[in-house]
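>>> what follows is a predicted structure for the sequence shown.
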Amino acid sequence: MNPLLTPLDAQPPAETPTLIGAYGPWASALAEDPPAYSLRRSAWTDIDTWRASARNRLFARLAQPNTGGIPTVTVHRSYTHDGLHLEELSWQLPYGPPTHAVLLKPEGATGRLPGVLAFHDHGGDKVHGWQKIVQTDAPRSATLVQHQERLYEGVSWANALARRGYVVLVPDAFAFASRRVRPEDTPEGLRAGLPAGDPVTADEIDAYNRWAGAHEHILAKSLFSAGTTWPGVFLGEDQRALDVLCARPDVDPDRVGCGGLSGGGLRTVFLGGADARVRCAVCVGMMTTWKDYLLHKSITHTWMVYVPLLPRDLDYPEILGLRAPLPTMVQNNRQDQLFTLPEMERADRILQAVYDRADAGDRYRCQFYDGPHKFDLEMQRHAFDWFDTWLG
């Protein structure tokens, strides 16, 4: 019999079950390793040439929409709380509702301070954005208290970082909080009976988050149909937030970093890899390989991760590696349910190889911690120390 015509059920099974069954080994071999724009390829001999070419390829794949120039910022409220100066801000992009954000810095600070763009997580909660990692003078709901206890050991880490002497800006991400999709703006058949207005009670928040989770594939497919990508939207909007931070007179634009857990780690990967203004990056709980997503873990992840065709050009950790030799920290949890440990470890080896090729091995650090998906106090301390080393 012609082997090309052998029935599928006669094919030998994969050694390890994959999310797509017997198609796993075939699909995982479609993209070369190293990919075409990987610095691990010996053909790339000049790091500056490589970085420029690879970033151009990344931007082409991301297909970013126009997010405008430096936004005009409105300050809604300015006050002090628990030793910090806070500003509640918003700015209007060319599309959608205004982006809301909070800025924090030490009370009474003078001169230019280092700045950090702090990214909130996904966490299955799109009702909240910056509130997940910031404590203002307003009481927190039980939902937010539980969220912080589960992922951050009960700490509003943006406040903790600001107390170290940083100007910290925390914007809402696309599709979260102020930027979320409102059911009342969608066709009636999609609304699932949800009322108009902001969810307030725990039941209303849970109902909206279930709706928003089910709506993700619709939003992602619509973005693809518009000729853009979800990471492309994230990156464009985060670059505008970076514009806001760098333009402030109390921020030293040469000492700016970014970081975050989970969905915040995803945004760190793309912004840190794409924009050289980010002088120091800390990616927490969001580092693996495209192979891990493909074979094992796409089921545990949001549609926000994927960029069609990019795996042929760069493996996922190599997006962050585009920033080499700028300082970069990655923090992983060994029992993180969102990834497999072997692929987290392989991503570490890939990034270390990129930094070694850039003669900057000492500017890359990867740390593994025991426990599930989180950014606990020990991890926060190490991350903040890394910012202090390179920005302080």
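Now that the structure is in, tell me what you want to look at. Treat the numbers as computed from the prediction; the structure is a model and nothing was measured. Numbers count the residues shown, from 1 in each chain.

>>> and the strands in the stretch 51-200 of the chain?
Using DSSP state E, counting those that start in this stretch, the strands of the stretch 51-200 of the chain run over 73-81, 84-91, 99-106, 113-119, 167-171.

>>> tell me the gap between the longest one and the middle of its chain.
To tie it back to what came earlier, the one meant is strand 73-81. Distance of strand 73-81 from the chain centroid (C-alpha atoms, centre = their mean, to the nearest Å) equals 26 Å.

>>> quick one: strands adjacent to it?
strand 84-91 (antiparallel) (DSSP bridges).

>>> please state the offset of the partner strand from the chain centre?
Centre-to-centre, strand 84-91 and its host chain are 22 Å apart (C-alpha atoms, centre = their mean).

>>> what do you get for stretch 116-136?
Here the centre of stretch 116-136 is set off from its chain's centre by 12 Å, with C-alpha atoms, centre = their mean.

>>> may I have it as CSV, with CA atoms only?
C-alpha atoms of stretch 116-136 as CSV (Å, rounded to 0.1, in the frame of the first residue of the first chain):
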residue,chain,number,x,y,z
VAL,A,116,7.9,51.2,35.8
LEU,A,117,4.9,50.3,33.6
ALA,A,118,3.2,47.7,35.8
PHE,A,119,0.9,45.3,34.0
HIS,A,120,-2.1,43.6,35.7
ASP,A,121,-2.9,39.9,35.1
HIS,A,122,-5.7,38.3,33.2
GLY,A,123,-6.9,36.0,36.0
GLY,A,124,-10.2,35.3,34.3
ASP,A,125,-11.4,38.7,35.5
LYS,A,126,-12.1,41.4,32.9
VAL,A,127,-14.3,43.5,35.2
HIS,A,128,-11.1,44.7,36.9
GLY,A,129,-7.8,46.0,35.5
TRP,A,130,-5.4,48.2,37.4
GLN,A,131,-7.4,47.5,40.6
LYS,A,132,-5.9,44.0,40.8
ILE,A,133,-2.4,45.3,41.7
VAL,A,134,-3.1,48.7,43.2
GLN,A,135,-4.5,49.8,46.5
THR,A,136,-6.1,53.3,46.6
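
>>> follow-up on the earlier one: Throw the strands of the stretch 51-200 of the chain into JSON lines and include mean pLDDT, distance to L266 and mean neighbour count, thanks.
For the C-beta atoms, the positions are set from N, CA and C on the backbone; glycine is no exception. Output for the strands of the stretch 51-200 of the chain, formatted as JSON lines (pLDDT from 0 to 100; distance: least, C-beta to C-beta, whole Å; neighbours: other C-beta atoms under 10 Å):
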{"stretch": "strand 73-81", "mean pLDDT": "98", "distance to L266": "25", "mean neighbour count": "12"}
{"stretch": "strand 84-91", "mean pLDDT": "98", "distance to L266": "22", "mean neighbour count": "20"}
{"stretch": "strand 99-106", "mean pLDDT": "98", "distance to L266": "18", "mean neighbour count": "24"}
{"stretch": "strand 113-119", "mean pLDDT": "98", "distance to L266": "8", "mean neighbour count": "27"}
{"stretch": "strand 167-171", "mean pLDDT": "99", "distance to L266": "15", "mean neighbour count": "29"}
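
>>> could you identify the longest strand within this protein?
Criterion DSSP state E: the longest strand present in the chain is strand 251-261.

>>> which parts of that one are buried?
For strand 251-261, a neighbour-count test (16 or more other C-beta atoms under 10 Å) marks V251, D252, R255, V256, G257, C258, G259, G260, L261 as buried.

>>> what is it packed up against?
Packing contacts for strand 251-261, counted by 3 or more C-beta pairs under 8 Å, 6 or more residues apart in numbering; DSSP states H and E, involve strand 113-119, helix 230-246, helix 263-274, strand 280-284, helix 377-391.

>>> and the second one, how far out from the chain's middle?
What it means is helix 230-246. Centroid displacement of helix 230-246 relative to its chain, using C-alpha atoms, centre = their mean, is 11 Å.

>>> and for stretch 96-109?
On C-alpha atoms, centre = their mean, the centre of stretch 96-109 falls 19 Å from the chain's centre.

>>> need the contact partners of it.
Outside stretch 96-109, the residues that touch it by C-beta atoms under 8 Å, 6 or more residues apart in numbering are 71, 74, 80, 83-93, 113, 129-130, 134, 136, 158-159, 162-163, 165-172, 174, 177-179, 237, 240-241, 244, 250.

>>> G285 and R334 touch, don't they?
No: the pair G285 / R334 is not scored as a contact, 11.4 Å apart, by C-beta atoms under 8 Å.

>>> ranges for the helices of the protein?
24-28, 47-62, 142-152, 157-162, 202-225, 230-246, 263-274, 290-292, 316-321, 341-357, 377-391 (DSSP state H).

>>> let's have the ones you listed in CSV, adding mean pLDDT.
Shown next, in CSV, are these (pLDDT from 0 to 100):
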stretch, mean pLDDT
helix 24-28, 96
helix 47-62, 98
helix 142-152, 97
helix 157-162, 98
helix 202-225, 97
helix 230-246, 98
helix 263-274, 98
helix 290-292, 98
helix 316-321, 98
helix 341-357, 98
helix 377-391, 98
